[in-house]
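>>> Sequence and computational prediction follow.
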2 protein chains.
Amino acid sequence: MAFDFSTAVKKNLPAPSAAPWSGFPTYNFVGGHNDPGSLPVDKLTRACSDVLSREGKTLATYSLESGPQGYLPLREFLVGKLKKYSGIDCTTDQILLNSGSLQAIDLINEALLAPKDTVIIEKSNYGGVISRLNRLNVNTVAIDVDQHGMRTDQLATTLDQLADRGIKPAYIYSIPTVHNPTGSIMSLERREHLIRLAVEYSIPVFEDECYADLIWDGKRPPALYALNNSQVVHVGSFSKTIAPALRVGYTVADWSLIGQLLSLKTDAGSGALEQMLLAEYCREHFDEHLASLNVNLKTKLDTLCDAIDREFGTSAEYTLPPGGIFLWVKLPETVDTARLATVAEKQSVAINPGCEWSLEENANQYLRLCFANPDVDTIEAGVAKLAEICHREFGVPVYAGNTPQ
Amino acid sequence: MAFDFSTAVKKNLPAPSAAPWSGFPTYNFVGGHNDPGSLPVDKLTRACSDVLSREGKTLATYSLESGPQGYLPLREFLVGKLKKYSGIDCTTDQILLNSGSLQAIDLINEALLAPKDTVIIEKSNYGGVISRLNRLNVNTVAIDVDQHGMRTDQLATTLDQLADRGIKPAYIYSIPTVHNPTGSIMSLERREHLIRLAVEYSIPVFEDECYADLIWDGKRPPALYALNNSQVVHVGSFSKTIAPALRVGYTVADWSLIGQLLSLKTDAGSGALEQMLLAEYCREHFDEHLASLNVNLKTKLDTLCDAIDREFGTSAEYTLPPGGIFLWVKLPETVDTARLATVAEKQSVAINPGCEWSLEENANQYLRLCFANPDVDTIEAGVAKLAEICHREFGVPVYAGNTPQ
């Protein structure tokens, strides 16, 4: 009789995958996928050839000749890029390259969190962080976000109340620049307020800036790390600016944290070739690529908004984001986006239901639509199809765009 | 006053790294680094260009077009390679590509282990597994290894005794083919015995075969997975055969485990470019590359053994391994290899002390010397230097090769 591993695995693990992957949905509005048309294949291919022929032999050693913090030329590029785009002053010793920013998040959590700890987060939030904090069994205290970012007045009150109860949060986690999922950019005033509060209560700040380079007009305040380089740990990624399948993210922090993260990073190094390729390509082309990528993304966002306006009319509310790859949409309270997502999935329309991206009480009225990956025609057809499904399930919109009135 | 993260990190973490990496030691006999001269840079560069120009656009999506189990053409290559080299019959659905085999080990441990569980391992063992099991706070029961692999007679007795005490081990972990660090290859008879015992007691078998392709004469029994494809989880890697800085390993198991590992693999995919490159290169060149790599590694091993015989004389004992990249050397009981390693490190000679690679009582008499990375001259000079240091510290060898007699 064949052995069945399901009898051997531990209790309380996430549910196993039911079946092997069977392809992307036709209308794919989920995931941080990028715009295939913007991918600079020719230049990436040339950069890869250049760096491989020049330095290929170093692949024979773990971590190349750069040590466990990652390929030195990529850290050197980041020193300049972080200065230019985020106002950050740092050295290569303060940068740890990771296998995507998700590894950075996992390592930081491993260093700073234990079960029952309390952390402060923004109330609508990255689903991957919400699910991680749940699995780690920590208590989350959620602060509202508006179009100027985390409500630091609420943060002040909350920290005061927690202190009264003898609770010191393990960190304050924030996505200040192109917040996920709302798209807001935290104002400089609030950034300064947040840092003052963190210093006052001596709480580490965990800044996640994965989408920060995707801002149409390029206008943004300095990163939180730029305002305090000892107490903030800053995380970023090349997934959104170059290509998500290249798993390269980074952590910027004082050595008092980087040294600890290194001892927890027992993976024998992150993929070296992807780091080499990015360093070689970005050194010459990052700025120009980003500019053209942002133009393409903006076009797709406009297409998405037009389609929503057309198909959902006044049933859908959203704040036009200044950048990013997602739109956070609110539907009337008669709609349950969790059920909408389940029904839509069966018709090959994939959306993120609000309950996975928000701790708001009315999270089930929200959905997150990612627009970087589908082409313009697919965005339009997908939104029409979603409106049709939503109309059929919830009577919202009252008339779907393709329903005869 | 600057914040110090060391006040914020959790207790009981591994000690932080003291300082940024400062380069490899001159005589580097540690780590799974490979032979730089064997690295097929030109062909890798061409393969990378080919696959990038052809499929580069797919980098815009997480996991390319292959889903979370990893790049399909690499899984297809592995189906053939595992059949040819390890006697394994499997399909692409039974393969999960990982960010190095270390990630495979971590995911399998996450699925199968809880604190206080008991696991069975070989007494001399891969240091990375010993340290992981310690951190996971599991009980290890260690079985002797001789030149025919794990002593399955001892395993039988041990399983019987554990059963009497009501203890069911979470798994039996083995490196049957080019055992780390002893280099032994488990005989077919013992493999069959091990599988019979595992079935009798209904215990999963965790087979780690990272070095299995590095066998000089290519002769090896079928993998444990080939003898039982429902109860064995098989792990392998391209680090030792192609390049360690490319972080690509793999897990082969029944879907009842693969599905669970997938839900635990929350990294948004392993690095795609490295998988693409390996598939493109290996499809055409794996066999020829392996043959020439093994010739080069054998030459280095011969050089190492000659140097040890010359410099240490009868003080050093070892069994000539049939493959791999390391030699497991025993010194007289007056020597403490932990201290030897510390002293040698200061003189830029790096070795693995036995205490990190073995649970044997006399582990401190052993050391592991990795020979793939240093060139032939460096091997000779490094062994001479090590003998000189060992002579000075412990009076062993009585006359170091470069000490006037």
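Cool, got the structure.
>>> how many other residues sit next to A:Asp89?
By the criterion of other CB atoms under 10 Å in any protein chain shown, A:Asp89 has 12 neighbours. (Glycine included, C-beta is placed from N, CA and C.)
>>> Tell me the pLDDT of the residue nearest to it when sequence neighbours are not counted.
Nearest non-adjacent residue to A:Asp89, counting by CB to CB, 6 or more residues apart in numbering or on different chains: A:Lys83, 6.4 Å away. Looking at A:Lys83, its pLDDT stands at 98.
>>> do the one 5 residues further on as well
Confidence at A:Ile88, expressed as pLDDT, is 98.
>>> what sits against it?
A:Ile88 makes contact with A:82, A:222-223, A:225-226, A:229, A:234, A:252, according to CB atoms under 8 Å, 6 or more residues apart in numbering or on different chains.
>>> Excluding residues flanking it in the chain, which one is nearest it?
In space, A:Ile88 comes closest to A:Leu82 once its chain neighbours are excluded; the distance is 4.0 Å by CB to CB, 6+ apart.
>>> count of residues packed around the one you found?
A:Leu82 has 23 nearby residues by other CB under 10 Å.
>>> same question, the one 10 residues further on
Number of residues near A:Thr92 (other CB under 10 Å) recorded here: 17.
>>> again with A:Asp287
Counted with other CB under 10 Å, the neighbours of A:Asp287 add up to 11.
>>> Just say helix, strand or coil for it.
Put simply, A:Asp287 is helix when judged by DSSP: H, G, I helix; E, B strand; the rest coil.
>>> Quick check: phi and psi at A:Tyr173.
Note on A:Tyr173: its backbone torsions stand at phi -100, psi 130 [degrees, to the nearest 10].
>>> which stretch of helix or strand covers A:Pro244?
According to DSSP states H and E, A:Pro244 maps onto no helix or strand at all.
>>> what's around it, how many residues?
By other CB under 10 Å, the residues close to A:Pro244 number 27.
>>> Run through who's touching the helix or strand harbouring the residue nearest to A:Asp89.
Assigned by DSSP H and E, A:Lys83 falls within helix A:72-86. The contact list for helix A:72-86, computed with CB under 8 Å, 6+ apart, reads A:65-66, A:69, A:88-92, A:95, A:97, A:177, A:209, A:212-213, A:220, A:222-223, A:225-226, A:234, A:236, A:248, A:250, A:252, A:275-276, A:278-280, A:282-283, A:286.
>>> ok, and for that helix, which residues are buried?
For helix A:72-86, the neighbour count (16 or more other CB atoms under 10 Å in any protein chain shown) marks A:72-75, A:77-79, A:81-82, A:85-86 as buried.
>>> Let me see the contact set for whatever residue of the stretch 51-200 of chain A ends up closest to chain B.
When scored by CB to the nearest CB, the stretch 51-200 of chain A has A:Gly67 as its residue closest to chain B, at 2.6 Å. Contacts here follow CB under 8 Å, 6+ apart; on that basis A:Gly67 touches B:20-23.
>>> go on, A:Ser63?
By CB under 8 Å, 6+ apart, the neighbours of A:Ser63 are A:70, A:268-269, A:272, B:21, B:245.
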